[in-house]
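*Asks:* coords below, sequence missing:
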């Protein structure tokens, strides 16, 4: 028996369930990239306010695989959110997802839903690589295969940005006001990046369309919640706890944060009643989170994976790791952050360390390590640039970058292959696996302009620092280096 609207009454009293009539929900939000993070974060915030206004149900769109649709459609979009830490757990059924579509199977259905006047927000969690942009510049990669396809076939797009532009074109032709674009990905100025890439595609299609798209509201956001990939063990344990089968539950931590610039011409849910913070400019919060949390997370992931730690908690338990990460945050990252009046930065750093230590979350280092070529420019390299500009040290940050280089080559410390998931994985392996000296490997990586730009690749001190770190990782191993560098 599956979780569904018909089986909600069978759930144990300890399981929280929607406090509204699920049948009365209407779609007001189309979300592109309905993965685990969205379902633990934005969908949960939205679920909390639907009793006040049922017009903000979510249509979740998978841009690649039908897996999420196939798992949740038989469940009426319902799924269990398990919130846990070392002190206990809470189970809640989320009902804000009322429709599920798979874009490759039926792009017209997705475009119809996006063009519907009832759709007032299109939100995204498509990861950095989904923006078809150059991470070092933030500009559209006009040679990206999906961009080339979408310009040739605008009515059958492949990319998220292609779907957005075509839907906006159809709304404009029908006299329907444009929806608000809401990026929820870990990108600096994510709203601006999204606006830039969709405007550029629109301009390449038609300058007049470019002018229309250029007026679309696209507020920036900062999102924060740790969401590990769901395991078969999670499915079994949660299904047993709720008394019915749930094909795709989500496990997460108690902490959650969402900071949003308040620019929604067609309206929005009353998210503030669920704890969302609305601000005029999200940039300070965004930079703090990207550099402290995400930069530390990536450093933890690469060093931890190389040292044999399967999860973040295991990586944090390695001798010297917590001291290294705390030193990175306090001495190298925090001095680059702008002032945030009234915000306790020291308390935030300590909360991050506690979250990383959470033994109840099996957040795999391999999962965090994905797409490093897209993530490092925002998470580590921007901070390094500022440290270079002020002639300040960045040894721990550089160690994180060197650990990525060691990992991205695709061979672990025992000589076994690593399943590297990255848009540049094949290119990196082809360039670096034949090389054996740290100087050669670093030189090859620094030649990737879309990651390092022209400035870092030509900075001899930066190059030398990376060579020293990579040499140590290759000769001593990550665990020994972490212990010695804390």
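*Replies:* The structure has been received and is ready for your questions. The structure displayed is predicted, hence computed values, not measured ones.
*Asks:* name the helices or strands packed onto the helix-or-strand element of the chain with minimal mean pLDDT?
*Replies:* When each helix and strand of the chain is scored by mean pLDDT, DSSP states H and E, helix 283-288 comes last, with a mean of 90. Applying 3 or more C-beta pairs under 8 Å, 6 or more residues apart in numbering; DSSP states H and E, one finds that helix 283-288 contacts strand 221-224. Every residue, glycine included, has its C-beta placed from N, CA and C.
*Asks:* and for the strand it packs on, what are the contacting residues?
*Replies:* 37, 41-42, 182-186, 190-191, 255-261, 282, 285-286, 289, 293 (C-beta atoms under 8 Å, 6 or more residues apart in numbering).
*Asks:* which other residues reach the very next helix or strand once past that strand?
*Replies:* Toward the C-terminal end, the helix or strand that comes next after strand 221-224 (DSSP states H and E) is helix 232-242. For helix 232-242, the surrounding residues in contact (C-beta under 8 Å, 6+ apart) are 3, 11-12, 15, 80, 82, 91, 93, 245-249, 251.
*Asks:* kindly supply the ChimeraX command isolating those of the contacts of strand 221-224 that are buried.
*Replies:* Only the buried entries of the contacts of strand 221-224 go into this ChimeraX selection, using 16 or more other C-beta atoms under 10 Å:
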select :37,41,42,182,183,184,185,186,190,191,256,258,259,260,261,282,285,286,289,293
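*Asks:* ramachandran coordinates for residue 58?
*Replies:* phi -110, psi 130 (degrees, to the nearest 10).
*Asks:* now do the same contact list for it.
*Replies:* So residue 58 contacts 27, 29-31, 43, 46, 96-99 (C-beta under 8 Å, 6+ apart).
*Asks:* what about 7 Å?
*Replies:* 29, 31, 43, 46, 96-98 (C-beta atoms under 7 Å, 6 or more residues apart in numbering).
*Asks:* name whatever forms a beta bridge with it.
*Replies:* Using DSSP bridges, the bridge partners assigned to residue 58 are residue 29, residue 97.
*Asks:* in what helix or strand does the closest residue to residue 399 other than its chain neighbours lie?
*Replies:* Distances taken as C-beta to C-beta, 6 or more residues apart in numbering place residue 469 nearest to residue 399, at 4.7 Å, with adjacent residues excluded. Element membership of residue 469 [criterion: DSSP H and E] is helix 460-476.
*Asks:* contact partners of that helix?
*Replies:* With contact meaning C-beta under 7 Å, 6+ apart, helix 460-476 is reached by 306, 388, 395, 398-399, 401-403, 405-406, 438-439, 441-442, 446, 456, 481.
*Asks:* pull out the buried positions in it.
*Replies:* 462-463, 465-474.
*Asks:* returning to that earlier point: which of the contacts of helix 460-476 fall within helices?
*Replies:* Counted as lying in helices by DSSP state H, out of the contacts of helix 460-476, are 306, 388, 395, 398-399, 401-403, 405-406, 438-439, 441-442, 446, 481.
*Asks:* quick check: residue 373 touching residue 425?
*Replies:* No - counting by C-beta atoms under 7 Å, residue 373 does not reach residue 425; the two are 8.4 Å apart.
*Asks:* neighbour-wise, which of those two wins?
*Replies:* In this view residue 373 and residue 425 are compared by other C-beta atoms under 10 Å, and residue 373 has more residues nearby, 23 against 19.
*Asks:* what secondary structure does that one sit in?
*Replies:* Here residue 373 is recorded as helix under DSSP: H, G, I helix; E, B strand; the rest coil.
*Asks:* ok, residue 149 next?
*Replies:* helix.
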